[in-house]
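Asker: Fold the following and give me the result.
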Amino acid sequence: MSVLKISHYNLTKLATFGTLTAMLAFTAGCQSLPAKNTSTKPTPTIQAQKLDNFNITGKIGVTTPANGSTNAAAQGGSAFYAWGQQNERFAIELIGALGIGKTNIEYDGQTATLVSEKTGALTANNPETLLQKATGWQAPISQMPYWISGRSAPSDSTPQTDAQGRLISSVNGNWTANFTYKGSDKLPNKISAVQPQGQKVVMTINHQSR
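Answerer: Now for the predicted structure:
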(Lines give C-alpha, C1' and ligand atoms only; values in the text may rest on other atoms or scores of the structure.)
Protein backbone atom coordinates (compact mmCIF):
# COMPACT_ATOMS: atom_id res chain seq x y z
CA MET A 1 0.00 0.00 0.00
CA SER A 2 1.26 3.46 -0.68
CA VAL A 3 1.30 5.54 2.48
CA LEU A 4 -1.00 8.52 2.33
CA LYS A 5 0.94 11.80 2.20
CA ILE A 6 -0.49 14.64 4.21
CA SER A 7 0.02 17.63 2.00
CA HIS A 8 -2.83 19.87 3.06
CA TYR A 9 -1.40 20.73 6.47
CA ASN A 10 1.93 20.79 8.25
CA LEU A 11 2.85 17.20 8.99
CA THR A 12 5.77 18.30 11.12
CA LYS A 13 3.31 19.53 13.72
CA LEU A 14 1.73 16.09 13.90
CA ALA A 15 3.41 12.91 15.06
CA THR A 16 5.95 11.39 12.70
CA PHE A 17 4.05 8.23 11.99
CA GLY A 18 7.11 6.19 11.22
CA THR A 19 8.35 6.88 14.76
CA LEU A 20 4.97 6.28 16.36
CA THR A 21 4.48 3.05 14.43
CA ALA A 22 7.80 1.79 15.78
CA MET A 23 6.42 2.41 19.26
CA LEU A 24 3.33 0.30 18.68
CA ALA A 25 5.17 -2.87 19.59
CA PHE A 26 5.51 -1.52 23.11
CA THR A 27 1.77 -0.85 23.40
CA ALA A 28 0.67 -4.40 22.67
CA GLY A 29 1.44 -5.57 26.17
CA CYS A 30 0.02 -2.56 27.98
CA GLN A 31 -2.84 -3.32 30.33
CA SER A 32 -5.33 -0.76 31.58
CA LEU A 33 -5.30 -0.25 35.34
CA PRO A 34 -8.56 0.61 37.09
CA ALA A 35 -8.77 3.90 38.92
CA LYS A 36 -8.63 3.47 42.69
CA ASN A 37 -10.97 4.85 45.32
CA THR A 38 -13.27 6.59 42.89
CA SER A 39 -16.77 7.70 43.76
CA THR A 40 -19.18 8.81 41.09
CA LYS A 41 -21.26 11.92 41.17
CA PRO A 42 -23.47 13.45 38.48
CA THR A 43 -22.09 16.59 36.92
CA PRO A 44 -24.68 18.73 35.09
CA THR A 45 -22.11 20.51 32.97
CA ILE A 46 -18.48 19.79 32.16
CA GLN A 47 -16.87 22.38 29.95
CA ALA A 48 -16.10 20.94 26.52
CA GLN A 49 -12.40 21.69 26.22
CA LYS A 50 -10.06 19.36 24.43
CA LEU A 51 -6.33 19.29 23.88
CA ASP A 52 -5.52 21.31 20.75
CA ASN A 53 -2.63 19.03 19.85
CA PHE A 54 -1.77 15.50 20.93
CA ASN A 55 0.03 12.38 19.78
CA ILE A 56 -1.17 9.00 21.03
CA THR A 57 -0.65 5.32 20.27
CA GLY A 58 -2.50 2.22 21.38
CA LYS A 59 -4.92 -0.45 20.28
CA ILE A 60 -8.55 -0.19 19.20
CA GLY A 61 -11.05 -3.02 19.09
CA VAL A 62 -14.53 -2.99 17.53
CA THR A 63 -17.32 -5.52 17.96
CA THR A 64 -20.77 -5.61 16.41
CA PRO A 65 -23.64 -7.86 17.51
CA ALA A 66 -25.37 -10.50 15.45
CA ASN A 67 -28.22 -9.26 13.26
CA GLY A 68 -31.15 -11.66 13.15
CA SER A 69 -32.94 -9.82 10.35
CA THR A 70 -29.98 -10.21 7.99
CA ASN A 71 -28.58 -13.43 9.51
CA ALA A 72 -25.30 -11.60 10.04
CA ALA A 73 -23.13 -13.13 12.75
CA ALA A 74 -21.44 -11.13 15.49
CA GLN A 75 -18.14 -9.73 14.27
CA GLY A 76 -15.05 -8.15 15.75
CA GLY A 77 -11.73 -6.68 14.72
CA SER A 78 -8.78 -4.80 16.17
CA ALA A 79 -5.85 -2.66 15.10
CA PHE A 80 -2.83 -0.87 16.53
CA TYR A 81 -2.91 2.84 15.84
CA ALA A 82 -0.91 6.07 15.89
CA TRP A 83 -2.99 9.27 16.06
CA GLY A 84 -1.68 12.83 15.58
CA GLN A 85 -4.10 15.72 16.23
CA GLN A 86 -3.67 19.42 15.41
CA ASN A 87 -6.73 21.51 16.25
CA GLU A 88 -9.59 20.08 14.14
CA ARG A 89 -7.27 18.17 11.83
CA PHE A 90 -5.90 14.72 12.44
CA ALA A 91 -4.07 11.83 10.83
CA ILE A 92 -4.43 8.23 11.99
CA GLU A 93 -2.36 5.24 10.91
CA LEU A 94 -3.86 1.81 11.60
CA ILE A 95 -1.98 -1.49 11.45
CA GLY A 96 -4.00 -4.70 11.23
CA ALA A 97 -6.89 -2.44 10.45
CA LEU A 98 -10.20 -4.15 11.07
CA GLY A 99 -9.98 -6.52 8.16
CA ILE A 100 -8.93 -4.03 5.46
CA GLY A 101 -5.16 -4.02 5.99
CA LYS A 102 -2.85 -1.13 6.84
CA THR A 103 -4.90 2.04 6.69
CA ASN A 104 -4.40 5.81 6.84
CA ILE A 105 -7.24 8.16 7.78
CA GLU A 106 -7.00 11.96 7.57
CA TYR A 107 -9.46 14.71 8.38
CA ASP A 108 -8.91 18.40 7.61
CA GLY A 109 -12.00 19.69 9.39
CA GLN A 110 -14.20 19.37 6.29
CA THR A 111 -13.32 16.19 4.41
CA ALA A 112 -12.22 12.77 5.65
CA THR A 113 -9.98 10.57 3.50
CA LEU A 114 -9.17 6.90 3.96
CA VAL A 115 -6.59 4.86 2.06
CA SER A 116 -6.16 1.12 2.62
CA GLU A 117 -4.78 -1.86 0.78
CA LYS A 118 -8.26 -3.30 0.30
CA THR A 119 -10.38 -0.22 -0.43
CA GLY A 120 -7.99 2.17 -2.15
CA ALA A 121 -8.83 5.86 -1.56
CA LEU A 122 -12.24 6.82 -0.16
CA THR A 123 -13.62 10.18 0.96
CA ALA A 124 -16.60 11.32 3.04
CA ASN A 125 -17.81 14.42 4.86
CA ASN A 126 -17.00 13.00 8.28
CA PRO A 127 -14.82 10.22 9.75
CA GLU A 128 -17.75 8.11 11.03
CA THR A 129 -19.33 7.83 7.58
CA LEU A 130 -15.95 7.07 6.07
CA LEU A 131 -15.12 4.28 8.52
CA GLN A 132 -18.53 2.65 8.10
CA LYS A 133 -18.23 2.95 4.31
CA ALA A 134 -14.83 1.25 4.32
CA THR A 135 -15.31 -1.39 7.03
CA GLY A 136 -18.96 -1.58 8.04
CA TRP A 137 -17.94 -0.64 11.60
CA GLN A 138 -19.32 2.21 13.68
CA ALA A 139 -17.15 4.34 15.99
CA PRO A 140 -17.66 7.80 17.57
CA ILE A 141 -14.53 9.27 16.01
CA SER A 142 -15.63 12.93 16.14
CA GLN A 143 -16.10 12.71 19.92
CA MET A 144 -12.77 10.98 20.50
CA PRO A 145 -10.54 14.12 20.56
CA TYR A 146 -12.59 15.37 23.53
CA TRP A 147 -12.74 12.00 25.25
CA ILE A 148 -9.01 11.40 24.75
CA SER A 149 -8.51 14.75 26.53
CA GLY A 150 -10.68 13.58 29.43
CA ARG A 151 -13.46 16.03 28.51
CA SER A 152 -17.05 15.55 27.42
CA ALA A 153 -17.84 16.49 23.81
CA PRO A 154 -20.13 19.51 23.15
CA SER A 155 -22.97 17.17 22.15
CA ASP A 156 -22.56 14.87 25.17
CA SER A 157 -25.12 14.55 27.95
CA THR A 158 -25.12 13.34 31.59
CA PRO A 159 -21.33 13.39 32.13
CA GLN A 160 -20.10 12.03 35.46
CA THR A 161 -16.82 12.63 37.28
CA ASP A 162 -14.93 10.87 40.04
CA ALA A 163 -13.74 12.34 43.35
CA GLN A 164 -10.75 13.89 41.54
CA GLY A 165 -12.97 15.66 39.01
CA ARG A 166 -12.01 13.33 36.16
CA LEU A 167 -14.58 12.35 33.55
CA ILE A 168 -15.56 8.71 34.05
CA SER A 169 -18.68 8.42 31.88
CA SER A 170 -20.60 10.40 29.28
CA VAL A 171 -23.43 9.82 26.80
CA ASN A 172 -23.46 10.88 23.15
CA GLY A 173 -26.51 9.84 21.16
CA ASN A 174 -26.65 6.04 21.35
CA TRP A 175 -23.09 5.83 22.64
CA THR A 176 -22.25 5.55 26.35
CA ALA A 177 -18.55 6.07 27.02
CA ASN A 178 -16.66 4.97 30.14
CA PHE A 179 -13.16 6.14 31.02
CA THR A 180 -10.34 4.41 32.93
CA TYR A 181 -7.29 6.15 34.40
CA LYS A 182 -3.94 4.91 35.62
CA GLY A 183 -3.29 6.00 39.18
CA SER A 184 -3.74 9.76 39.54
CA ASP A 185 -3.28 10.53 35.82
CA LYS A 186 -5.54 13.27 34.50
CA LEU A 187 -5.82 11.79 31.00
CA PRO A 188 -7.58 8.45 30.38
CA ASN A 189 -5.63 5.37 29.36
CA LYS A 190 -8.73 3.50 28.18
CA ILE A 191 -12.08 4.43 26.67
CA SER A 192 -14.94 1.96 26.23
CA ALA A 193 -17.95 3.11 24.21
CA VAL A 194 -21.06 0.94 23.80
CA GLN A 195 -24.49 1.13 22.19
CA PRO A 196 -27.63 -0.60 23.56
CA GLN A 197 -27.70 -2.96 20.56
CA GLY A 198 -24.25 -4.30 21.49
CA GLN A 199 -21.96 -2.26 19.25
CA LYS A 200 -18.74 -1.67 21.19
CA VAL A 201 -15.47 0.22 20.73
CA VAL A 202 -12.56 -0.21 23.16
CA MET A 203 -9.53 2.03 22.83
CA THR A 204 -6.32 1.86 24.90
CA ILE A 205 -4.33 5.09 24.96
CA ASN A 206 -0.64 5.83 25.44
CA HIS A 207 -0.14 9.61 25.59
CA GLN A 208 3.16 10.71 24.04
CA SER A 209 5.13 13.73 25.20
CA ARG A 210 3.88 16.95 23.61
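Asker: what comes up buried for stretch 167-180?
Answerer: 167, 168, 169, 170, 171, 172, 175, 177, 178, 179, 180 (16 or more other C-beta atoms under 10 Å). C-beta here means a position set from N, CA and C on the backbone, and glycine is covered the same way.
Asker: Residue 138: which of these is nearest?
Answerer: Nearest to residue 138, judged by C-beta to C-beta, of these is residue 175 at 8.9 Å.
Asker: Look up phi and psi at that closest one.
Answerer: phi -90, psi 130 (degrees, to the nearest 10).
Asker: returning to that earlier point: quick one: which of the buried residues of stretch 167-180 sit in strands?
Answerer: In strands, judged by DSSP state E, the following of these are found: 167, 168, 169, 170, 171, 172, 175, 177, 178, 179, 180.
Asker: In this protein, where is pLDDT below threshold?
Answerer: 1-49, 67-73, 97-99, 209-210 (pLDDT under 70).
Asker: show me where it has strands.
Answerer: Using DSSP E, the strands assigned to the chain run over residues 41-42, 53-64, 75-86, 89-95, 103-107, 112-116, 120-124, 157-161, 167-172, 175-180, 190-194, 200-204, 206-207.
Asker: CSV for these, including distance to residue 135?
Answerer: Supplementary listing: the strands of the chain in CSV, determined by distance: least, C-beta to C-beta, whole Å:
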stretch, distance to residue 135
strand 41-42, 35
strand 53-64, 8
strand 75-86, 8
strand 89-95, 10
strand 103-107, 9
strand 112-116, 9
strand 120-124, 10
strand 157-161, 27
strand 167-172, 20
strand 175-180, 17
strand 190-194, 16
strand 200-204, 12
strand 206-207, 23
